[in-house]
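Novice: Provide a 3D model corresponding to the input given below.
(one chain, ligands or ions: 1)
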Amino acid sequence: MADSWVNSWVNSWVDSAERIGSDLHLELTGPGGRRAALIRALREAVRSGRLAPGTRLPPYRSLAADLGMARNTVADAYAELVAEGWLTARQGSGTRVAERAEPLRPAARVPKKSPPRARGPRHDLMQGTPDTSAFPRAAWLASYRRALQQAPNEVFGPGDPAGRVELREALTEYLARARGVRTEPGRIVICSGFAHALRLLFGGGVLRGPLAVEAYGLGFHREVLAAAGVRTVPLPLDEHGARVDRLGRERSVLLTPAHQFPTGGPLHPARRAAVVDWARARDGLVLEDDYDGEFRYDRKPVGAVQGLDPERVIHIGSVSKSLSPAVRLGWMVLPERYVDAVRATKGEREAWSSVLDQLCLADFLTSGSYDRHVRRMRQRYRGRRDRLVTALAEHAPHIEVTGVAAGLHAVLRLPPGTESSAVKAAAWQGIALDGLAAFRHPETDMPAVDGLVVGYATPSEHAYGPALEALCGALPPP
Ligand SMILES: Cc1ncc(COP(=O)(O)O)c(C=O)c1O
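Specialist: Model (predicted):
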């Protein structure tokens with residue numbers, strides 16, 4: 001079968017002077033004369049799979065005659081391809097395509113455009129993402145331009161693993177003013193966001209478990225910790241936040257004090273003080289996840305717990321909620337005794353966060369663009385929060401809304417045992433959202449709380465109204 005195919009392939013060449021096998025669409029062209037062209041053409045035919053492994057080639061004499069080439073030239077070409085491993089030559093069985101000459105599998109083509117996405121939900125009310133249509137493109141660009149224009153040449157060399165000093169200075173000022181953080185640039189280490197901070201602290205061996213965490217929290221963070229070999233111990237929650245009186249033998253505790261994630265309340269002032277006392281008494285440490293500290297609507301901002309004792313709290317923030325999770329910039333404000341270890345964990349030079357982005361963010365902060373953006377977004381999100389509360393009061397007054405004084409999401413409380421069917425009903429209506437169960441620590445013994453976590457920042461402005469309408473229509477009846 002293969003023989004006859006090769007023969008017809010050779011015969012077909014006779015019809016077209018410079019082409020080998022019209023079936024194969026190979027050409028005897030290119031530099032280096034006809035011998036080189038023949039080698040290239042045969043190699044390509046094997047490589048591409050058009051001459052399959054085991055296929056017998058015509059005797060070199062026949063091929064030479066057909067091609068009008070000297071026999072030696074064709075014999076040489078065969079010999080070279082045998083030497084390269086593309087062909088095998090055995091007495092009595094002729095010259096064949098080598099069995100192990102695997103055809104090159106074409107690399108998956110990189111599509112020019114992203115492939116059309118599978119139909120997603122019609123209404124995206126997942127928590128976690130700021131309104132991506134509101135990224136301050138012009139102001140960011142202006143900061144980038146200024147940062148590049150002013151950057152000394154050494155910026156384009158290896159970066160300091162602690163992060164650019166311009167950014168650490170800008171953060172020192174901003175965090176003191178906006179979040180009540182007490183620090184100085186030497187105690188800040190730049191990272192690529194909160195998850196990266198966890199990886200550096202625990203994966204890098206600076207801290208060890210077990211780590212107390214809130215009974216409801218981001219599962220992804222628990223996974224990061226588990227991957228670093230850290231056991232997490234769930235702390236129950238009540239209306240005042242995490243039950244820090246339940247802290248036991250753990251060395252450290254991870255909290256979201258300004259806005260418990262995802263249930264939404266601030267940690268009660270007495271508990272803020274109590275957790276710091278616990279850390280002092282146990283030589284322990286509080287990790288403060290200040291993920292959306294800027295977004296407060298009806299009450300004064302809750303300052304950072306770090307301000308109570310900078311030596312007992314690692315304050316961690318990022319721009320993922322305030323600007324965009326795509327920027328991948330965050331910071332750790334460290335007690336002095338951890339600074340060297342965290343810097344060492346980052347390595348000898350900056351390998352995570354673009355130094356140019358760091359300079360851009362520094363300019364964005366010092367030029368006032370960050371404050372302006374946060375102010376604008378605070379207004380926008382407050383407006384959305386109000387619309388959510390009003391719509392629910394009108395169309396689903398039996399549903400209690402909690403956690404609405406701050407942040408980018410709200411929790412709609414549901415009667416016990418109804419959450420899973422409510423999430424399914426929402427999905428049925430094309431609404432993407434999570435139930436509280438998605439955030440529950442698998443080992444907690446606190447009673448389950450039923451609720452829907454509604455991210456009201458995610459849809460763009462024009463999509464929000466229809467999303468709200470769909471949500472109200474999908475909620476369980478009284
Ligand atoms: C609870 C919580 N912590 C922290 C973050 C920030 O994570 P990252 O800085 O890794 O994007 C988020 C998401 O934005 C979050 O939901």
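
Novice: buried ones in the host helix or strand of residue 370?
Specialist: Element membership for residue 370, per DSSP states H and E: helix 369-395. Neighbour counts using 16 or more other Cβ atoms under 10 Å place 369, 370, 373, 374, 377, 378, 380, 381, 384, 385, 388, 392 of helix 369-395 among the buried residues. To be clear about C-beta, it is placed using only N, CA and C from the backbone, and glycine gets the same treatment.

Novice: Please settle this for me: is residue 448 part of a strand?
Specialist: No. Read with DSSP: H, G, I helix; E, B strand; the rest coil, residue 448 is coil and lies in no strand.

Novice: just checking, it touches residue 439?
Specialist: No. Applying Cβ atoms under 8 Å, one finds residue 448 not in contact with residue 439, separated by 11.2 Å.

Novice: These two - which one has more neighbours?
Specialist: residue 439 (21 against 14; other Cβ atoms under 10 Å).

Novice: Check whether the residue nearest to residue 292 when sequence neighbours are not counted sits in a helix, strand or coil.
Specialist: Using Cβ to Cβ, 6 or more residues apart in numbering and skipping the chain neighbours, the partner closest in space to residue 292 is residue 321 (4.4 Å). Under three-state DSSP, residue 321 falls in the coil class.

Novice: Mind pulling the model confidence for residue 321?
Specialist: Here the pLDDT value assigned to residue 321 is 97.

Novice: do the same with residue 42
Specialist: At residue 42, pLDDT is 89.

Novice: quick revisit: also near the ligand: which of the buried residues of helix 369-395, exactly?
Specialist: With the criterion set as Cβ under 6 Å from any ligand atom, no member of the buried residues of helix 369-395 is near the ligand.

Novice: Which one of the residues in the stretch 101-250 of the chain is closest to the ligand?
Specialist: Across the stretch 101-250 of the chain, the shortest distance to the ligand (Cβ to the nearest ligand atom) belongs to residue 193, at 2.9 Å.

Novice: what does the stretch 201-350 of the chain put close to the ligand?
Specialist: 218, 256, 261, 289, 291, 318, 320, 321, 325, 330.

Novice: number of nearby residues for the first one?
Specialist: Read that as residue 218. 21.

Novice: hang on, isn't it packed against residue 261?
Specialist: Yes. Between residue 218 and residue 261 there is a contact at 6.4 Å, judged by Cβ under 8 Å.

Novice: shared neighbours of these two, anything?
Specialist: residue 439 (Cβ atoms under 8 Å, 6 or more residues apart in numbering).

Novice: Show me where the stretch 351-478 of the chain has its strands.
Specialist: 400-402, 409-413, 431-432, 434-435, 451-455 (DSSP state E, counting those that start in this stretch).

Novice: most neighbours per residue, which of these?
Specialist: Among the strands of the stretch 351-478 of the chain, judged by mean count of other Cβ atoms under 10 Å, the one packed with the most neighbours on average is strand 451-455 (a mean of 26).

Novice: Please compute how far that strand lies from its chain's middle.
Specialist: In this view, strand 451-455 has its centroid 22 Å away from the chain centroid, taken as Cα atoms, centre = their mean, to the nearest Å.

Novice: cool, and stretch 160-173?
Specialist: That offset, for stretch 160-173, works out to 23 Å (Cα atoms, centre = their mean).

Novice: try stretch 220-231
Specialist: With Cα atoms, centre = their mean, you get 16 Å for stretch 220-231.

Novice: What helix or strand is the residue of the chain most remote from its centre located in?
Specialist: Most distant from the centre of the chain: residue 65, at 61.7 Å, with distances by Cα atoms, centre = their mean. If you go by DSSP H and E, residue 65 is part of helix 60-67.

Novice: ditto for residue 233
Specialist: strand 232-235.

Novice: What strands flank the helix or strand that that strand is followed by, and is each parallel or antiparallel?
Specialist: Counting by DSSP H and E, the element after strand 232-235 in chain order, helix or strand, is strand 237-238. Strand 237-238 has the following strand partners under DSSP bridges: strand 241-242 (antiparallel).

Novice: I'd like the mean pLDDT over the partner strand, please.
Specialist: The model assigns strand 241-242 a mean pLDDT of 98.

Novice: how far does it sit from the chain's center?
Specialist: With Cα atoms, centre = their mean, you get 28 Å for strand 241-242.
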